[in-house]
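Visitor: Structure for the following, please:
(2 chains)
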Amino acid sequence: GAVVSQHPSWVICKSGTSVKIECRSLDFQATTMFWYRQFPKQSLMLMATSNEGSKATYEQGVEKDKFLINHASLTLSTLTVTSAHPEDSSFYICSAPGQVNTEAFFGQGTRLTVV
Amino acid sequence: AQSVTQLDSQVPVFEEAPVELRCNYSSSVSVYLFWYVQYPNQGLQLLLKYLSGSTLVKGINGFEAEFNKSQTSFHLRKPSVHISDTAEYFCAVSPRNSGNTPLVFGKGTRLSVIA
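Guide: Numbering: from 1, shown residues only, chains lettered A, B, ... in the order given. Below you'll find the predicted structure:
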């Protein structure tokens, strides 16, 4: 099946700094990438949808200035957590949809810890 | 819009015993149905999916699920669990023939297999 590679797997950063998370589609072109956030022992919450060559669409309550999403090519989407704070600590996962919603391909996830 | 309800947040079960993880969904349109497994600090791995055809779907690791349209359910079963099945399990749906839309997830069920 298709592979989405997400990096880094783990990152620890100081409060106030920015962190970039990358998701690459390795053997297919992803015109769309979904970004999810997962709190401990909870489900995945959709944060935003990125589309190649256009602005991302954010879900209600997600700060677009804090969570910057870029989808500059058909194989790369990035999420940058700007001016990170401890409350931004979470597990972030990207996902590219398969053909007509028949499947979704997930990255390995990124555990962000802000200290 | 779609919603998914996983009735059990935690399911403890003894090794080699059978298990059923329950999932019900609500949707105004026809949907595809999925079960994913998530191991700690990892992304989601597809266990199985129902797209069409036979309502009994077999997946990886000995899991199977049955689609019941009248009860809007898609319960996951395994006749004999192993310690390695301990993980978080998510039921998800996506609307049929609706372009690139994100999966809607249930809250997850934590399966704990006891030796």
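Visitor: got a list of what A:Leu79 touches?
Guide: Listed by C-beta atoms under 8 Å, 6 or more residues apart in numbering or on different chains, the contact set of A:Leu79 reads A:Lys20, A:Ile21, A:Cys23, A:Trp35, A:Met47, A:Phe67, A:Leu68, A:Ile69, A:Tyr92, A:Cys94. All C-beta atoms are positioned from the backbone trio N, CA, C, and that covers glycine.
Visitor: So it: helix, strand or coil?
Guide: strand (DSSP: H, G, I helix; E, B strand; the rest coil).
Visitor: excluding its backbone neighbours, what's nearest it?
Guide: Excluding the flanking residues, the one nearest A:Leu79 by C-beta to C-beta, 6 or more residues apart in numbering or on different chains is A:Ile21, at 4.6 Å.
Visitor: Relative to chain B, how far out is that neighbour?
Guide: Using C-beta to the nearest C-beta, to the nearest Å, A:Ile21 is found at 13 Å from chain B.
Visitor: quick one: what helix or strand has that residue in it?
Guide: strand A:19-25 (DSSP states H and E).
Visitor: Kindly report the same for A:Met33.
Guide: strand A:32-38.
Visitor: swap in B:Cys91?
Guide: Once you assign secondary structure using DSSP H and E, B:Cys91 falls within strand B:87-95.
Visitor: Now for the most centrally placed residue in chain B: which residues touch it?
Guide: Of all residues in chain B, the one closest to the mean position by C-alpha atoms, centre = their mean is B:Trp35, 3.2 Å from it. By C-beta under 8 Å, 6+ apart, the contact list for B:Trp35 reads B:21, B:23, B:46-49, B:59, B:63, B:65, B:74, B:76, B:89-92.
Visitor: quick revisit: which residues sit against the strand holding A:Ile21?
Guide: Contacts of strand A:19-25 with the rest of the structure, by C-beta under 8 Å, 6+ apart, involve A:2-8, A:11, A:13, A:33, A:74-81, A:84, A:92, A:94, A:96, A:105, A:107, A:110, A:112.
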